[in-house]
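# what's the 3D shape of this:
(chains A, B, C, D, E and F)
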6 protein chains.
Amino acid sequence: MFKHELGDGVELRILETRHSGEFLKFVDENRAFLGRWLRWGDEIKTPEEAGAFLRRGIERYVEDGLPWVGIWLEGEMVGGVLFFPVEPRTLATEVGYWLGERAVGRGLVTRAVSAMLDYAFGALGLHRVALQAEVGNEKSIAVARRLGFTEEGIRRAAGVNKGRYVDMAAFSLLAEEWALIRERFVRHAPPDDSSNPTAR
Amino acid sequence: MFKHELGDGVELRILETRHSGEFLKFVDENRAFLGRWLRWGDEIKTPEEAGAFLRRGIERYVEDGLPWVGIWLEGEMVGGVLFFPVEPRTLATEVGYWLGERAVGRGLVTRAVSAMLDYAFGALGLHRVALQAEVGNEKSIAVARRLGFTEEGIRRAAGVNKGRYVDMAAFSLLAEEWALIRERFVRHAPPDDSSNPTAR
Amino acid sequence: MFKHELGDGVELRILETRHSGEFLKFVDENRAFLGRWLRWGDEIKTPEEAGAFLRRGIERYVEDGLPWVGIWLEGEMVGGVLFFPVEPRTLATEVGYWLGERAVGRGLVTRAVSAMLDYAFGALGLHRVALQAEVGNEKSIAVARRLGFTEEGIRRAAGVNKGRYVDMAAFSLLAEEWALIRERFVRHAPPDDSSNPTAR
Amino acid sequence: MFKHELGDGVELRILETRHSGEFLKFVDENRAFLGRWLRWGDEIKTPEEAGAFLRRGIERYVEDGLPWVGIWLEGEMVGGVLFFPVEPRTLATEVGYWLGERAVGRGLVTRAVSAMLDYAFGALGLHRVALQAEVGNEKSIAVARRLGFTEEGIRRAAGVNKGRYVDMAAFSLLAEEWALIRERFVRHAPPDDSSNPTAR
Amino acid sequence: MFKHELGDGVELRILETRHSGEFLKFVDENRAFLGRWLRWGDEIKTPEEAGAFLRRGIERYVEDGLPWVGIWLEGEMVGGVLFFPVEPRTLATEVGYWLGERAVGRGLVTRAVSAMLDYAFGALGLHRVALQAEVGNEKSIAVARRLGFTEEGIRRAAGVNKGRYVDMAAFSLLAEEWALIRERFVRHAPPDDSSNPTAR
Amino acid sequence: MFKHELGDGVELRILETRHSGEFLKFVDENRAFLGRWLRWGDEIKTPEEAGAFLRRGIERYVEDGLPWVGIWLEGEMVGGVLFFPVEPRTLATEVGYWLGERAVGRGLVTRAVSAMLDYAFGALGLHRVALQAEVGNEKSIAVARRLGFTEEGIRRAAGVNKGRYVDMAAFSLLAEEWALIRERFVRHAPPDDSSNPTAR
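Next up, the predicted model:
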């Protein structure tokens, strides 16, 4: 019911546990496609596992005010954006995202993540958003670059993929950087509602 | 960020703990007006109390998928709709609502509650929604009648108001009843997304 | 060991988890008889399920001071009385009861419930006791009437029986009403011990 | 409401948190008298502390089936019997007791403890009940002897009284011993209801 | 990594969950030998059970500062010393120990326990350490005597061994006693580091 | 009692809550010196705060097997080494360290951290240890370099110091790298005891 419309039939909706069936269907259809880079492509195989994953997201919404969202294209779930826990001392978090095979090539992830970034930096007052992509995952790295993230280095063996250690490219975007470029992504975006957390 | 637009500058937004300040301001301005019938008009006097109230709502969203929502009119919080815990065996819940003095007379509560009822009976598959109003609270009872609720009787001494026991008028609305009348309230409403819980 | 004697070989005893075996035997012998109206006639089939049910009762005793009790007739468990959680703001609770087939026709439930009501309104200072019976369950409704409960209406689809929604007749009894009629039920009843809770 | 009658106006009642006021009054009146030997004579000075003490007792009832009980003489609380947690592997527990100044000399503690022992060894199937008394507390030691307990030795510095370490005389009574002597204490006592735990 | 060296290739190490494999191997090799007197000789048969046992020990270290330790002889685990929870009011605890068959006859238990006693009475400021041995377990009783413990009596049926109740010989050692004899056991032992708890 | 000797009067000891007094004294004496770079130089001002800090460390020992340790020089606490939670999927952790003013210039941190690294990579089988130092904290960065850590980049605004965001230099060391250089740091170090976790 609650949604954030991105136009052209694209909507973000908060992921809830009742989406388990729809989410599992999405994972099943994209398992090979997602699994190349995404760990949980292999891990979510039952409605219970899908529900447990989604529940972690909705619990984050309660704790941090920052939900995990699905991307719906013309009524079909095609991808999503998630966040790691907010570190309250530094007002920092980390973003992740995924997209199904059929929806690639339309800039959906860029639009979805930029909308969420605008909310995180704006209404929620966060100061830093990190992003990690496995070295070699060019599509994911391209998203980071397109959104103005700065590469900070390679975190060696900081991930595991198919049982092997992999290096992760680390990126970050700061609130003041986003303020300068947000208009490229979120045109006529009036400030939603705001709160003013400050670093503790 | 996430909202359900009702048109004419009216929006429903999920109530989050970051709305504490805005919510406390609303309660402060409407304390006398709300307090005639609403218990928590007297109970919420600090940001902590406002935050605790809102946190109870967002926790319900995690548990039942049914959030507490605020009504925003032209960017200002003017009222809200809450739900009691869903009883999983009977797929039943109870709804409550409130509206600030300046926003009365526009049918906002009817529109807000009907939107939430449509979600509860539709996407969430609930079967029964109860509603209680203190005997004598004619405005609240009028909302129940307008929305098609059936009066089920008077629950004697089932409430406490200003330290005195008060009788509560009990109403209910069932899924099959809502299906017949929903078009009056939610015109071109395509089915959102659905799940199919059944009574346990 | 601890009991409340009702005379004629009838005793109330607090239900404890050690009664699991005796309780399961009672349920087994009365499954068809109880099951017509009582949900848990179908749900309690193992000692563990019997123990879990009884544990919920004894935990209520700790929280509210109002135990679930069994009715013993000449040393045999033949029925019981339970309470739902006490609502501390309104000092209200709801009572339930059951009786095995062989013990019907002696007024045991009326005597057992009236003893518990006298305790709830007296020593515990409660203000309202509700009671619900499925529409059509004439025996249960007769008990409510005999004990002076007032019918408050029909709660539609407020119960589930054998997988179907059923309507529930709602009754209540208030402390001041009980004070006027208690002598009919609890003759030479000296005040036990008392505490004086007041509505919060 | 629930009681175990010992005759001559003496009753045992399960101690509940609602007895806080009555219990605090008892402690206040007997503080000097009890405090010579009883640690909590000094520790319970407010209704909250009295309630916390009683709550520990009622929680034991839920866990072990063995409640803490008060001794009522002609409607007045004059003493009590408590138990430490039951050790499930050895089916052992430890008993304690107290009596107010005005009620001494009537054998009330002996009668109360023997009734509880009969319940613990009988209905609950326990195998060993320990009892400790500070060396020098002749009245308490006399109770242990009178009830057939066997002294097992002196546990050195096993207690603290008024900030000083004190030695404790240790006693025990076993189920088979009780079976031989119970008739002296609990005359025409038909077996209550029974469960059959065995040592794990 | 962290150890307390006793000389002659003997070391005490804090038992951690990662020692599960080594500990299970020790128990397997000494099951018959240990099982005569030690309950858990029969109970620990899988890595999970070994890990759960060791975890209880390491949790005690966090709570009381008194770890469970293994005895290593030339790099092989050959025995251990454990403690029951510290009773904060009396600053009392109880010690237990075990030794594998191949390591008997070297005084290892005496050396290990005396080192731990010196730590418990010294750095931790405890006041009383109890010790129980099944009647007939002469080797264990000899250790108690050699370490200066005083026998306090026989606790009847206070243990269960192979499903039968057994009597336990009870011993204790007090801080002031240890102060007089510690030099016999822990020669040039400079005070480690100290804290000064006092009886509460 | 349990220690890891580094020679020359230097020892590592597991930090326990009983060290609160000694630790607070250390922090008090080095507040200005440590506080330039260390957040908790400002945060620990009471024995309770010192105890809470140390308790977090000992809890890590239980969870991960990797304790927080103090560095003792001739019987005086002069510094320490801590670890962040181990990430079980990647077998990664992060190390931190501190040293009091009077003990600088002796290579104590290098020796302490290398001993802990050897334990983390060896006995515990970890695969990656990260290390972060505020940009400008040359002494800390020198330790990382001396121990063979590789710089991975600058994490912008990833820390807060005196209320201002600061950039953090990120380093890491992998198990295979440590294997090649460990002999420089831990000479005649026989393998302690080992477990073989593998990445999950």
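
# contacts, neighbours, all on C-alpha from now
OK.

# can you get me a residue count around the closest residue to chain E within chain A?
Closest residue of chain A to chain E, Cα to the nearest Cα: residue A:163 (22.2 Å). The local packing of residue A:163 (other Cα atoms under 10 Å in any protein chain shown) involves 13 other residues.

# test my guess that residue A:50 contacts residue A:23.
Yes - at 6.7 Å, residue A:50 and residue A:23 qualify as touching, with contact defined as Cα atoms under 8 Å.

# how far away is the residue nearest to residue A:41 when sequence neighbours are not counted from residue A:95?
Distances taken as Cα to Cα, 6 or more residues apart in numbering or on different chains put residue A:35 closest to residue A:41, at 4.6 Å, once the chain neighbours are dropped. For residue A:35, the distance to residue A:95 equals 18 Å [Cα to Cα, to the nearest Å].

# residue A:17 now?
As for residue A:17, its distance to residue A:95 is 20 Å (criterion: Cα to Cα).

# and residue A:166, that one's in a strand?
Yes - counting by DSSP: H, G, I helix; E, B strand; the rest coil, residue A:166 falls inside a strand.

# which residues does it bridge with?
Residue A:166 has these beta-bridge partners by DSSP bridges: residue A:159.

# what about it, how many residues nearby?
By other Cα under 10 Å, neighbour count at residue A:166 equals 18.

# quick one, which of residue A:17 and residue A:95 is more surrounded?
residue A:17 (24 against 18).

# check that one and give its pLDDT.
At residue A:17, the predicted lDDT confidence score is 94.

# isn't it right next to residue A:48, touching?
No - the pair residue A:17 and residue A:48 does not pass the contact test of Cα under 8 Å, sitting 9.7 Å apart.

# related to what we said a few turns ago, and for the residue nearest to residue A:41, the neighbour number?
Residues near residue A:35, counting by other Cα under 10 Å, number 16.

# surely it is in contact with residue A:44?
No - the pair residue A:35 / residue A:44 is not scored as a contact, 10.7 Å apart, by Cα under 8 Å.

# is whichever strand or helix holds residue A:114 positioned near chain B?
Assigned by DSSP states H and E, residue A:114 belongs to helix A:108-121. Yes - on the criterion Cα under 8 Å from any Cα of the partner chain, helix A:108-121 is in touch with chain B at residue A:119.

# contacts for the helix or strand containing residue A:20 next, please.
Secondary-structure element containing residue A:20, defined by DSSP H and E: helix A:20-35. Residues outside helix A:20-35 that contact it (Cα atoms under 8 Å, 6 or more residues apart in numbering or on different chains) are A:41-42, A:44-48, A:50-51, A:54, A:77-78, A:98-101.

# report the buried residues of that helix.
A:20-28, A:30-31, A:34-35 (16 or more other Cα atoms under 10 Å in any protein chain shown).

# next: stretch A:71-78.
Buried, per 16+ other Cα under 10 Å, within stretch A:71-78: A:71, A:72, A:73, A:77, A:78.

# who in chain A is up against chain F?
A:89-90, A:92, A:128, A:152-160, A:163, A:165, A:172, A:174, A:199-200.

# buried only: go through those residues for me.
Buried members of the residues of chain A next to chain F, scored by 16+ other Cα under 10 Å, are A:90, A:92, A:128, A:152-160, A:165, A:172, A:174, A:199.

# for chain A, which segments count as strands?
A:3-7, A:10-14, A:69-73, A:76-83, A:92-99, A:128-134, A:150-161, A:164-174 (DSSP state E).

# contacting residues around the longest one?
I take that to be strand A:150-161. Identification of contacts with strand A:150-161 by Cα under 8 Å, 6+ apart yields A:37-39, A:134-135, A:144, A:165-173, F:89-90, F:92, F:128, F:152-156, F:172, F:174, F:199.

# how close does the closest residue to residue A:66 other than its chain neighbours sit to residue A:43?
Distances taken as Cα to Cα, 6+ apart place residue A:60 nearest to residue A:66, at 6.5 Å, with adjacent residues excluded. Going from residue A:60 to residue A:43 by Cα to Cα gives 20 Å.
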